[in-house]
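Trainee: structure for this input, please:
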Amino acid sequence: MHMNLVSLLRRATLSACTCGVLGLGLANSSQAQSTCQLNSPSGKIKHVVYIEFDNVHFTRDNPNVPSDLEQMSNLLNFLKNKGTLDTGDHTVLISHTANGILTTQTGLYSDDTSIFVANSFGLFSNGSAVFPSAFFYWTDKVSDIQPPIDTDNNFALTTPEGNNVPAPWVPFTRAGCTVGAFSTANIVLERTPFDVIKVFGPNSAQAMEPPSGSTKPNQIDDFEGAAIHCALNDPLCGLNSNAVSDTLPSEPGGYDGYQALFGLKYIAPALGGLTDYHGVPITGFQQLSFDPTPAQTLSVVETMLKSGIPVVYAYIADAHDNQSPRSLNSSTESTFGPGEIGYVQQLADYNAAFGTFFQHLKQAGIDESNTLFIFTPDEGDHFVGVQPVPANCDGAKLTRNGEVVSDIPCSYPAANGGNGVGELQLNLPLVVSNAGNSTPFAIHSDDAATTYVTGQPATSDPVVRALEKTMATQSAFNPHTGQNESLLGTGLGPDLQGAIVDQVGQKLLHMHSEIDPDRDPTFTFFGNPNFFFQSSGPATAVVGTGFAWNHGDIQPEIGRTYIGIVGPGVKNLGITTARDFFTDHVDLRPTIMMLTGLTDDYQHDGRVITEILDQSVLPKSLKAHMDTAEALGQVYKQINAPFGQLAQDTLTISTYAITSTSDGDVVYDNLEAKIAAWTAARDGIAAQIKQILAEAEFGGVSINQQAANLLIGQGEGLLALAHRCAANTAKCAK
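Mentor: This is a model prediction of the structure:
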């Protein structure tokens, strides 16, 4: 009864502005209005829908098998026909869920948030490594997540100055726009019990619930995974006794008086109940386990929008792991290879959910004419398994009208005594020890093994240098291929399949914390993507049964992603590629701010993706020298992005340097000095470009053509210098 009264009062007290909500039940009401003041240049954006996928691919993992998005034609056609699918986007390093989501949310590279290793971040504590989770609530401190580390009171999300990173919902709520969040990282409660204690208090009824368990109530079910960050005076929070203070202790400009609702226990009743597209009630978060399918997530997003929440952030799980019983597929496997029947069936379910979502929103008056839609993944993946049978299998056939039907299903029979689908799990410390190097170290388990040498020695220490060279020369038997494979991988340039960088190279890659250097790994082993390195198990590769899709690494299939964007102010370009223009995760946030007419209280590391925006929504200061702005932006990307040319050449040069065996380590010293000098030069050039672009994008300052051309020349000169070195590293090392 109380919640129904709150809902009625909320709808009755909404006031008119440019962000009117057109949800069901509101569209025909003269009182259906909102306090939301989006100042979009187009004057048309009333809602923002931001969906982040976990590893849903546009690029084919098997050239014969239609990709995830190709089999999700309802989404793909929406993006192609009504907006732009930018397939020239890239992730950051390391390429993982937590920092992939954080960089898209904030527009900041990982060295400006201090989360560059995920999904746990390494931390030296008294010379030994611990690994706190990178999934936590926005305001958590390291000492909250890792209680024994009582001396580290830095915010887990910390700026180089030691402040809490500004929260992504703030520009919206300050503009009167309430923000809903479902399952997406760090803007919902994620860890029990400390997140619950922090938000509700140590003696609260919420804190008295068991942190987890199979019976209700428990904290995971009730309080994790969903949040509503309310604008001031929104009755959804203001008239709800379960709302709590939305505390942001170091938000620029302050953030007082705001409230939030946390958890499905309070959010589901406030929205009149939540049910997925299969008719299953969503009552607790344990049933989702932070792996919601489109049938679940999109139903929640739809309900939030129709309930008058104009901005919604949400997350959808990957399609290549079996999400049953929530999805409609007949398989009992834990994970799939491309083209398997269960994979195809699951993608058909994903596709159907998107069809329902767009249809329902259209009926409610929420569509591309008044809504900004964003779809992007956190990272890509490398599939690990045997070759499919039959060799010409295509798994699914796309008909002319875009429907997907089973054609020649793929199967992955066991080979060489192992399972046919699964990453190769390997105890890397034991491999190194068996090779005769007993140096103690810890790793973040991944195919990109960030390595923390016990005692925290300098990266140039002979002990570290010996460990790096031992690790780089190891190989292991791959039961999928029947061959021994280098753990480091092979290849150079665009074919680079493995690399090793220490703290000098990591700084250029934005894998560095200025305020908390204890987070910096001694070095990072970007390994052969077929292997998943861990600190347990045998020194021979064991095929994992639950996972077959590795990420975190540097290979193109992992680092190359996409941004799908539709709405007022967005061009209908169909599909664009990196040949058209280069983008990466940090470019999404400033683009959203430009389209919605809002600003952040900090300078982004990304740039507005002007190539996909209508000229009419760009400020005069940017349009005055558009060609120069875009040329400046592309040079900026190539010198600054972790998958830009400078970073990729650095990976090649660093690997050569670290694995070198010259007398007195002269080759290593010379090349490391060059990388350090390039980083300093890059930082100087990038800072100036960032300032010029930010002033043109959000400050009304026209671009100085002469200054821009000078910076473009300096950036191109730096790129040429490093590229020549990478092409002839032996000569460059002299």
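
Trainee: could you list the domains of the protein?
Mentor: Split into domains by automatic domain parsing, the chain comes to 2-212+220-406, 424-543, 620-734.

Trainee: export these to TSV and tack on mean pLDDT and mean neighbour count?
Mentor: In short, each C-beta sits where N, CA and C put it, glycine included. Listed next are the domains of the chain as TSV, based on pLDDT from 0 to 100; neighbours: other CB atoms under 10 Å:
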stretch	mean pLDDT	mean neighbour count
domain 2-212+220-406	88	21
domain 424-543	93	20
domain 620-734	97	18
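
Trainee: need the contact list for residue 316.
Mentor: Applying CB atoms under 8 Å, 6 or more residues apart in numbering, we find residue 316 in contact with 51, 52, 53, 54, 56, 292, 293, 294, 297, 298, 350.

Trainee: present the residues you listed as JSON lines; the columns should include distance to residue 368.
Mentor: As requested, the contacts of residue 316 are exported to JSON lines (distance: CB to CB, whole Å):
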{"residue": "51", "distance to residue 368": "14"}
{"residue": "52", "distance to residue 368": "19"}
{"residue": "53", "distance to residue 368": "19"}
{"residue": "54", "distance to residue 368": "25"}
{"residue": "56", "distance to residue 368": "21"}
{"residue": "292", "distance to residue 368": "24"}
{"residue": "293", "distance to residue 368": "24"}
{"residue": "294", "distance to residue 368": "19"}
{"residue": "297", "distance to residue 368": "20"}
{"residue": "298", "distance to residue 368": "16"}
{"residue": "350", "distance to residue 368": "20"}
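
Trainee: mind checking the SS state of the residue positioned nearest the centre of the chain?
Mentor: Geometric centre of the chain, nearest residue: residue 100, 2.1 Å, by CA atoms, centre = their mean. Using DSSP: H, G, I helix; E, B strand; the rest coil, the structure places residue 100 in helix.

Trainee: so it sits against residue 93, correct?
Mentor: No. Counting by CB atoms under 8 Å, residue 100 does not reach residue 93; the two are 10.1 Å apart.

Trainee: output the longest helix belonging to the chain.
Mentor: helix 666-698 (DSSP state H).

Trainee: distance from stretch 407-424 to the middle of the chain?
Mentor: Centroid separation for stretch 407-424 versus its chain: 29 Å, with CA atoms, centre = their mean, to the nearest Å.

Trainee: CA atoms of it as CSV?
Mentor: Listed next in CSV are the C-alpha coordinates belonging to stretch 407-424 (Å, rounded to 0.1, in the frame of the first residue of the first chain):
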residue,chain,number,x,y,z
ASP,A,407,22.3,-25.2,-40.5
ILE,A,408,25.5,-27.2,-39.9
PRO,A,409,26.0,-27.2,-36.1
CYS,A,410,29.6,-27.2,-34.9
SER,A,411,30.9,-29.7,-32.3
TYR,A,412,34.2,-29.8,-30.5
PRO,A,413,35.1,-33.5,-29.7
ALA,A,414,37.8,-34.2,-27.2
ALA,A,415,41.3,-34.4,-28.6
ASN,A,416,44.6,-35.7,-27.1
GLY,A,417,42.9,-36.8,-23.9
GLY,A,418,41.3,-33.5,-23.0
ASN,A,419,38.0,-31.8,-23.4
GLY,A,420,37.3,-30.1,-26.7
VAL,A,421,36.4,-26.7,-25.3
GLY,A,422,38.2,-25.0,-22.5
GLU,A,423,41.1,-22.7,-21.5
LEU,A,424,44.4,-24.3,-20.6
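
Trainee: can I get the contacts of residue 316 in TSV with distance to residue 702 and secondary structure?
Mentor: Formatted as TSV, the contacts of residue 316 follow (distance: CB to CB, whole Å; DSSP: H, G, I helix; E, B strand; the rest coil):
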residue	distance to residue 702	secondary structure
51	35	strand
52	34	strand
53	38	strand
54	41	coil
56	40	coil
292	45	coil
293	48	coil
294	44	helix
297	42	helix
298	42	helix
350	45	helix
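
Trainee: show me the contacts for residue 125.
Mentor: 146, 148, 149, 152, 518.

Trainee: now the two most distant members of those.
Mentor: Distance extremes for those: the farthest pair is 148 and 518 at 14.1 Å, using CB to CB.

Trainee: for the stretch 201-350 of the chain, which segments count as strands?
Mentor: 226-229, 244-245, 259-262, 311-316 (DSSP state E, counting those that start in this stretch).

Trainee: quick one, what contacts residue 216?
Mentor: So, once contact is read as CB under 8 Å, 6+ apart, residue 216 ends up touching 222, 284.

Trainee: again but with residue 475, I slipped
Mentor: 484, 485, 486, 487.

Trainee: excluding residues flanking it in the chain, which one is nearest residue 395?
Mentor: residue 339 (2.3 Å; CB to CB, 6 or more residues apart in numbering).

Trainee: now the terminal residues of stretch 453-473, how far apart.
Mentor: 18 Å (CA to CA, to the nearest Å).

Trainee: quick one: distance of it to the chain centre.
Mentor: The mean C-alpha position of stretch 453-473 is separated from the chain mean by 30 Å, CA atoms, centre = their mean.

Trainee: pull the residues that contact it.
Mentor: Identification of contacts with stretch 453-473 by CB under 8 Å, 6+ apart yields 124, 127-129, 428, 432, 435-437, 439-442, 451, 487-488, 500, 502-504, 518, 522-523, 525, 655, 658-659, 661, 665, 668-669, 672.

Trainee: picking that back up, now do the helix or strand following the longest helix of the chain against helix 666-698, angle only.
Mentor: Going down the chain from helix 666-698, the next helix or strand is helix 705-727, by DSSP states H and E. Relative orientation of helix 705-727 versus helix 666-698 (axes from the mean of the first three to the mean of the last three CA atoms, to 10 degrees): 150 degrees.
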